[in-house]
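In: I would like the atomic coordinates for the input below:
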Amino acid sequence: MFDEIIEKNKNNIIETLCELIKIPSVSNENSNTDFPFGEECSNALKYALNLGKSMGFKTKNIDDYCGYIEFGEGKELVGIIGHLDVVPALEDDGWSSPPFLPSIREGKIFGRGAIDDKGPVVASLYAMKAIKDNVKVSKRVRLILGLNEEKSWKCIEYYKNHEEHPSIGFSPDANFPGIFAEKGIMSIELNNNFSIKNFSILDINCNDNAINVVPKYCSITLKSNLPNISHKYSNSENIKIHNINSNTIKIESFGIASHAAHPELGKNAITNLVKYLLDNFEFDSNYLNRLYELGVFSLESPEFMSNTKIQDESGILTSNVAVLDYIDNKLIIKINLRVPVHTNCEDIKLKYDLLKNEFNTLEVKTIRIQEPLYIEKNNYLVKTLVDIFNKKTGLNEEPIAIGGGTYARAFKNFISYGAMMPGSIDMCHQVDEFIKIDNLILASKIYADAIYELSK
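Out: I've put the predicted structure just below:
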């Protein structure tokens, strides 16, 4: 019904996404009440709200924590919830074009946020416009725009404390044909005394890697109390040695970034660095060796997870060592785990706590736990949205489970829905992030049918 209208808006959709990509809206949590997530996130929100207002929508900026764009009448509220913040990106990370200067080539729009989540948000907005301008609906439809999804979800917590909750809806921040299950997400910290024989640790640096990203860089700078050690250590695979002076070296490790929900798509620079240290240095305790032996630095469940359910219909337990740091003679390791939906996150924490039996100075801290999302496949919402996707594409796909966490967890009767197409490469959080223009337009058409079905 709405396909032709969206096709006529194709150039506007492309232009809007490019303008949003130009805004480097990396969420920066701070105490500034004017810009709680930084001025750039506020700029992205204001751009979207001003555009929505110019299209004839009702808009609201909710204290720069988040905002919404709305149309329709009625008591019931249908929600679409996406985010305008993005993970960090630097041109020298290996991007073929500047990450915040959108580039269109080979039928794709390149830039940070193209698929996660600015592209899907734009597709949803123009889907709403196609409905608003052409048909009447009996419910209100609200596009909620978050600014802190990539970090701690303070934006959506603020929304839930101040605004009306939708009764049904979706988050355009994952995969088609629709997600019936999202794994639990758990971030933990291991903190223990650590030292290297004959060396002082001057610095460990992971370039402020986000905990939901496989680290692509990590370095350690070491000073020895032995003379002339600078030429003792040599480069190896993805390792580069810098001789700062005769007794000080910097070891750099290089990996490949990917989303922590798919650690197998990346190459972990921390794991690579730890392996080099184990092969070339001695330690004052067997702590690091033991962690490596137990699989703490592996992609899947460590060895000590025995007698714990680590796999179900949502997939297997995965692990991403995201941060390595050194403060006050303690080695700090931060790990992001994606936990199968029928496994209790607290059970996983207890397994890490058992490591304290071997190392009495070890601290194990829970940084954050996000409970899983699980809805039966034959649920009305899941079935309706998947059927719309299949009808629009001519495919016969089944709902899927993912390791990522979306805003669909924020409300009851929500699932994540697109905009990644089946078989697509997951470019979320990766260098040269892109969305195919044909898929962007198709997603908008699918969203229009879905929003109309939920709101008519």
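In: Run a quick neighbour tally on residue 300.
Out: 14 (other C-beta atoms under 10 Å). From N, CA and C alone the C-beta is placed, and that goes for glycine too.
In: Phi and psi next, for it.
Out: phi -110, psi -170 (degrees, to the nearest 10).
In: Is it bridged to anything, and to what?
Out: In this entry, residue 300 is beta-bridged to residue 318, by DSSP bridges.
In: Just the endpoints, please. Distance across stretch 205-214?
Out: Using C-alpha to C-alpha, to the nearest Å, the end-to-end distance of stretch 205-214 comes to 14 Å.
In: likewise stretch 225-236?
Out: End-to-end distance of stretch 225-236 (C-alpha to C-alpha): 24 Å.
In: Name the surrounding residues that touch that stretch.
Out: 198-200, 241, 243-249, 251, 276, 280 (C-beta atoms under 8 Å, 6 or more residues apart in numbering).
In: Any idea which of those residues the model trusts least?
Out: Among the contacts of stretch 225-236, residue 246 has the lowest pLDDT, at 87.
In: Quick check: that one vs residue 453, distance?
Out: Going from residue 246 to residue 453 by C-beta to C-beta, to the nearest Å gives 71 Å.
In: for residue 197, same thing?
Out: Distance from residue 197 to residue 453, by C-beta to C-beta: 66 Å.
In: got it, and residue 235?
Out: On the measure of C-beta to C-beta, residue 235 and residue 453 end up 58 Å apart.
In: before we move on, what about residue 390?
Out: Distance check for residue 390 against residue 453: by C-beta to C-beta, it reads 13 Å.
In: Residue 296 too?
Out: 46 Å.
In: cool, and residue 10?
Out: Applying C-beta to C-beta, the value for residue 10 to residue 453 is 23 Å.
In: One more: residue 102?
Out: Distance, residue 102 to residue 453, by C-beta to C-beta: 32 Å.
In: who has more neighbours, those two?
Out: Using other C-beta under 10 Å, the more surrounded residue of residue 102 and residue 453 is residue 102, with 23 against 13.
In: is it true that that one touches residue 16?
Out: No. Applying C-beta atoms under 8 Å as the test, residue 102 and residue 16 come out as separate, 10.8 Å apart.
In: For the residue lying closest to residue 115 once chain neighbours are set aside, which residues are in contact?
Out: Among residues not flanking residue 115 along the chain, residue 435 sits closest, at 4.6 Å (C-beta to C-beta, 6 or more residues apart in numbering). Going by C-beta under 8 Å, 6+ apart, residue 435 touches 17, 108, 109, 114, 115, 119, 419, 427.
In: average pLDDT for stretch 97-105?
Out: Average pLDDT, stretch 97-105: 97.
In: ok, and what's touching it?
Out: Here stretch 97-105 has contacts from 14, 17-18, 21-24, 89-91, 93, 96, 109-112, 114, 432-433, 437, using C-beta under 8 Å, 6+ apart.
In: Next, report how far it is displaced from the centre of its chain.
Out: With C-alpha atoms, centre = their mean, to the nearest Å as the basis, stretch 97-105 stands 20 Å off its chain's centre.
In: Assign residue 426 to helix, strand or coil.
Out: Recorded secondary structure, residue 426: coil (DSSP: H, G, I helix; E, B strand; the rest coil).
In: State the distance from it to residue 237.
Out: Per C-beta to C-beta, residue 426 is found 25 Å from residue 237.
In: So if I had to pick from the two, which one is more boxed in?
Out: The residue with more neighbours, out of residue 426 and residue 237, is residue 426; 19 against 9, by other C-beta under 10 Å.
In: what about the nearest residue to that one once chain neighbours are set aside, neighbour count?
Out: Here the nearest residue to residue 426 in space, its sequence neighbours aside, is residue 262; by C-beta to C-beta, 6+ apart that works out to 5.9 Å. Around residue 262 there are 20 other residues, counting by other C-beta under 10 Å.
In: Tell me the confidence at residue 262?
Out: Listed pLDDT for residue 262 reads 89.
In: surely residue 198 meets residue 224?
Out: Yes. If you go by C-beta under 8 Å, residue 198 and residue 224 touch, sitting 5.6 Å apart.
In: hang on, the earlier thing: going by distance to residue 35, which of the contacts of stretch 225-236 wins?
Out: residue 251 (37.8 Å; C-beta to C-beta).
In: Next, the closest residue in space to that closest one that isn't next to it in sequence: phi, psi?
Out: Nearest residue to residue 251, sequence neighbours excluded (C-beta to C-beta, 6+ apart): residue 220, at 5.2 Å. Torsion angles at residue 220 (phi, psi; degrees, to the nearest 10) stand at phi -140, psi 140.
In: Pairing partners for residue 220 in the sheet, please.
Out: Under the criterion used (DSSP bridges), residue 220 bridges to residue 204, residue 251.
In: burial measure for it, as a count.
Out: Using other C-beta under 10 Å, residue 220 has 23 other residues around it.
In: Would you mind listing the residues touching both of residue 102 and residue 16?
Out: Overlap of the contact sets of residue 102 and residue 16 (by C-beta under 8 Å, 6+ apart) is empty.
In: List the buried residues in the helix or strand hosting residue 451.
Out: Taking DSSP states H and E as the criterion, residue 451 maps to helix 437-455. Neighbour counts using 16 or more other C-beta atoms under 10 Å place 437, 439-452, 454-455 of helix 437-455 among the buried residues.
In: Which stretches in the stretch 51-200 of the chain count as helices?
Out: Assigned by DSSP state H, counting those that start in this stretch, the helices in the stretch 51-200 of the chain fall at 118-132, 154-162.
In: Adding distance to residue 213 and mean neighbour count, write these out as JSON lines.
Out: Converted to JSON lines, the helices of the stretch 51-200 of the chain look like this (distance: least, C-beta to C-beta, whole Å; neighbours: other C-beta atoms under 10 Å):
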{"stretch": "helix 118-132", "distance to residue 213": "18", "mean neighbour count": "27"}
{"stretch": "helix 154-162", "distance to residue 213": "19", "mean neighbour count": "18"}
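In: Put together TSV for the ones you listed, with distance to residue 347 and mean pLDDT on each row.
Out: Conversion of the helices of the stretch 51-200 of the chain to TSV gives the following (distance: least, C-beta to C-beta, whole Å; pLDDT from 0 to 100):
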stretch	distance to residue 347	mean pLDDT
helix 118-132	34	98
helix 154-162	26	97
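In: Out of those helices, flag the one nearest residue 377.
Out: Taking C-beta to C-beta, helix 118-132 is the member of those nearest to residue 377, at 22.5 Å.
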